[in-house]
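Novice: Structure of the sequence below:
(2 chains)
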Protein chains: 2
Amino acid sequence: MSNKIITISREFGSGGRTIGRNTADALNINCYDSELIETAAEESGFAKEFISDRGEYVNFGARLASSLNTGRRNYDSPQDCLWKAQKKIILDLAERESCVIVGRCADYILRDKAGCLNVFIHSDIKNRAKRIVEVYGESDRTPEKRIKEKDRHRKAYFRYYTDMEWGDVHNYHIALDSGFLGIDECVRILKELYFKLP
Amino acid sequence: MSNKIITISREFGSGGRTIGRNTADALNINCYDSELIETAAEESGFAKEFISDRGEYVNFGARLASSLNTGRRNYDSPQDCLWKAQKKIILDLAERESCVIVGRCADYILRDKAGCLNVFIHSDIKNRAKRIVEVYGESDRTPEKRIKEKDRHRKAYFRYYTDMEWGDVHNYHIALDSGFLGIDECVRILKELYFKLP
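Specialist: Down below sits the predicted model:
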């Protein structure tokens, strides 16, 4: 029997990370998000801060500089090396154990794997703005600005490495509005679906 | 206690209509799709064939002709009258009884109603092509062509009357890949969610 994986893509402030963790807890399996980053940091030799900062961001300026410096268009930027390291870790994880993986394009990386449920968590801007202030505290920027910036980066990163559209309904087996359904109900739905995975 | 409504938007061939009917059967409530069309036909005085043909299609040619003939841009075409008749029927239904409504922009029409679960059913093109041949039989056009044409019309109709994007994940409380999850599993999920609606 192969491992079962739930991948979670999520809008910033939608509670997707909490849903991932709570689902994993309910199933007694591991959830990888920031843990994944730390493993990546150790295996790739990158500074943790760099990975945390760039793990889901495309730095187009740095990429351009890399290609200008070398005169080659296909030069692997530090960003690309990080992508490859994260990709390898996700593939290894899926081979090793049943788990929940939040973010990091895991849905795309594991797209050919049976027994993998790809989930998208979204919520309206009002609910998300309320949540990020509760979870991450106030900031000098408005919650709406922080949300838009974070989502824009995730979208660009996903498109850059997958050539697919982040948040396009067709990329996910199930998409849930956590603001309407509630965190606990999302966890319940995902837990039940996990048991039905091949 | 107000009525509970499940609206289902669906890609052609995704089994959304079957999911709607089976969910309604499981909940012992009515499902409105072609029945809705017949009611609309009687109330609006349109020929059933016209409604069946235009109930989810925008006929831009006819609209242009209407506006040219009258010299007014806001003239109600027969299409617009049909839209208004369908909208009234959907609002009345939601007032009258708990039910499932398939298509006809019911999600948009009932967007301000509490106790309304908006669902999108999709599936990959291969599964849908297989299904439409099984359900609707062969045709002189390929299944893929029939799917693309039908989806394009539904998309255009939805955008024209709602100014929103058909199939955009944000418009739905839950979106399900019926090809991956299976018809019965989709019905089970929706049935359980129905009981949790306010």
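Novice: where does chain A dip in pLDDT?
Specialist: Per-residue confidence for chain A (pLDDT under 70) gives these ranges: A:1, A:37-38, A:40-41, A:44, A:48-75.
Novice: try 50 this time
Specialist: Applying pLDDT under 50 to chain A flags residues A:71-73.
Novice: near chain B, which residues of it?
Specialist: Neighbours of chain B within chain A, by Cβ under 8 Å from any Cβ of the partner chain: A:120, A:122, A:124, A:167-170, A:172-177, A:180-181, A:185, A:189, A:193, A:196. Heads up, the C-betas are built off the backbone N, CA and C, glycines and all.
Novice: if you set the cut-off to 7 Å instead, what comes out?
Specialist: Listed as neighbours of chain B in chain A under the rule Cβ under 7 Å from any Cβ of the partner chain: A:120, A:122, A:167, A:169-170, A:173-177, A:180-181, A:185, A:189, A:196.
Novice: And the helix or strand where A:Glu192 lies, what's buried?
Specialist: Using DSSP states H and E, A:Glu192 maps to helix A:183-196. Using 16 or more other Cβ atoms under 10 Å in any protein chain shown as the test for burial, helix A:183-196 gives A:Ile183, A:Glu185, A:Cys186, A:Val187, A:Arg188, A:Ile189, A:Leu190, A:Lys191, A:Leu193, A:Tyr194.
Novice: residue boundaries of the helices in chain A?
Specialist: Counting by DSSP state H, chain A has helices at residues A:16-27, A:34-44, A:48-54, A:60-70, A:78-96, A:106-109, A:125-136, A:143-162, A:178-181, A:183-196.
Novice: Out of those helices, which gets nearest to B:Tyr108?
Specialist: Closest approach to B:Tyr108 among the helices of chain A (Cβ to Cβ): helix A:178-181, 15.6 Å.
Novice: Contacts for that closest one, please.
Specialist: Contact with helix A:178-181 is made by A:Ser14, A:Gly15, A:Ile19, A:Ile121, A:Ser123, A:Asp124, A:Asn127, A:Cys186, B:His173, as judged by Cβ atoms under 7 Å, 6 or more residues apart in numbering or on different chains.
Novice: now do stretch A:189-198
Specialist: Contacts of stretch A:189-198 (Cβ under 7 Å, 6+ apart): A:4, A:6, A:23, A:26-27, A:114-115, A:117, A:119, A:174, A:176, B:185, B:189.
Novice: for the helices of chain A, which one ends up most surrounded?
Specialist: Highest mean neighbour count of those: helix A:106-109, a mean of 24 (counted as mean count of other Cβ atoms under 10 Å in any protein chain shown).
Novice: what's the offset of it from the middle of its chain?
Specialist: In this view, helix A:106-109 has its centroid 9 Å away from the chain centroid, taken as Cα atoms, centre = their mean, to the nearest Å.
Novice: Same question for stretch A:111-128.
Specialist: Offset of stretch A:111-128 from its chain centre (Cα atoms, centre = their mean): 9 Å.
Novice: Please point out which parts of that stretch sit buried.
Specialist: Buried, per 16+ other Cβ under 10 Å, within stretch A:111-128: A:Gly115, A:Cys116, A:Leu117, A:Asn118, A:Val119, A:Phe120, A:Ile121, A:His122, A:Ser123, A:Ile125, A:Asn127, A:Arg128.
Novice: and the fifth one, what does it touch?
Specialist: Contacts here follow Cβ under 7 Å, 6+ apart; on that basis A:Val119 touches A:Ile6, A:Thr7, A:Ile8, A:Tyr172, A:Ile174, A:Leu190.
Novice: one step back: out of the contacts of helix A:178-181, who's nearest A:Lys155?
Specialist: Of all the contacts of helix A:178-181, A:Lys155 sits closest to A:Ser14, with 14.0 Å by Cβ to Cβ.
Novice: Just give the nearest non-adjacent residue to the closest one, would you?
Specialist: Closest residue to A:Ser14 apart from its sequence neighbours, by Cβ to Cβ, 6 or more residues apart in numbering or on different chains: A:Ser123 at 4.3 Å.
Novice: thinking A:Ala26 is in contact with A:Asp184, fair?
Specialist: No. Using Cβ atoms under 7 Å, A:Ala26 is not in contact with A:Asp184, being 10.0 Å away.
Novice: Tell me how many other residues crowd the residue of chain A found nearest chain B.
Specialist: The minimum distance from chain A to chain B, using Cβ to the nearest Cβ, falls at A:Ala175 (3.9 Å). A total of 25 residues lie near A:Ala175 under the criterion other Cβ atoms under 10 Å in any protein chain shown.
Novice: With A:Ile19 as the reference, measure out to it.
Specialist: Counting by Cβ to Cβ, to the nearest Å, the gap from A:Ala175 to A:Ile19 is 12 Å.
Novice: and A:Glu97, how many neighbours?
Specialist: Residues within reach of A:Glu97, counting by other Cβ under 10 Å, total 13.
Novice: so it makes contact with A:Asn3?
Specialist: Yes. In terms of Cβ under 7 Å, A:Glu97 counts as a neighbour of A:Asn3; the distance is 5.8 Å.
Novice: Please identify which of the helices of chain A is closest to B:Ala47.
Specialist: Of all these, it is helix A:178-181 that lies closest to B:Ala47, at 39.0 Å by Cβ to Cβ.
Novice: Could I get the CA-only coordinates of the closest one as PDB?
Specialist: Taking Å, rounded to 0.1, in the frame of the first residue of the first chain, the C-alpha atoms of helix A:178-181 are listed here in PDB:
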ATOM      1  CA  SER A 178     -12.900  28.100   5.200                       C
ATOM      2  CA  GLY A 179     -14.600  31.400   6.100                       C
ATOM      3  CA  PHE A 180     -18.000  29.900   5.300                       C
ATOM      4  CA  LEU A 181     -17.500  26.300   6.400                       C
END
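Novice: picking that back up, tell me the angle the helix holding A:Glu192 makes with helix A:16-27.
Specialist: Interaxial angle, helix A:183-196 versus helix A:16-27 (axes from the mean of the first three to the mean of the last three Cα atoms, to 10 degrees): 50 degrees.
Novice: now helix A:183-196 and helix A:125-136, what's the angle there?
Specialist: With the same axes, to 10 degrees applied, the angle from helix A:183-196 to helix A:125-136 works out at 90 degrees.
Novice: No further queries at this time; thank you.
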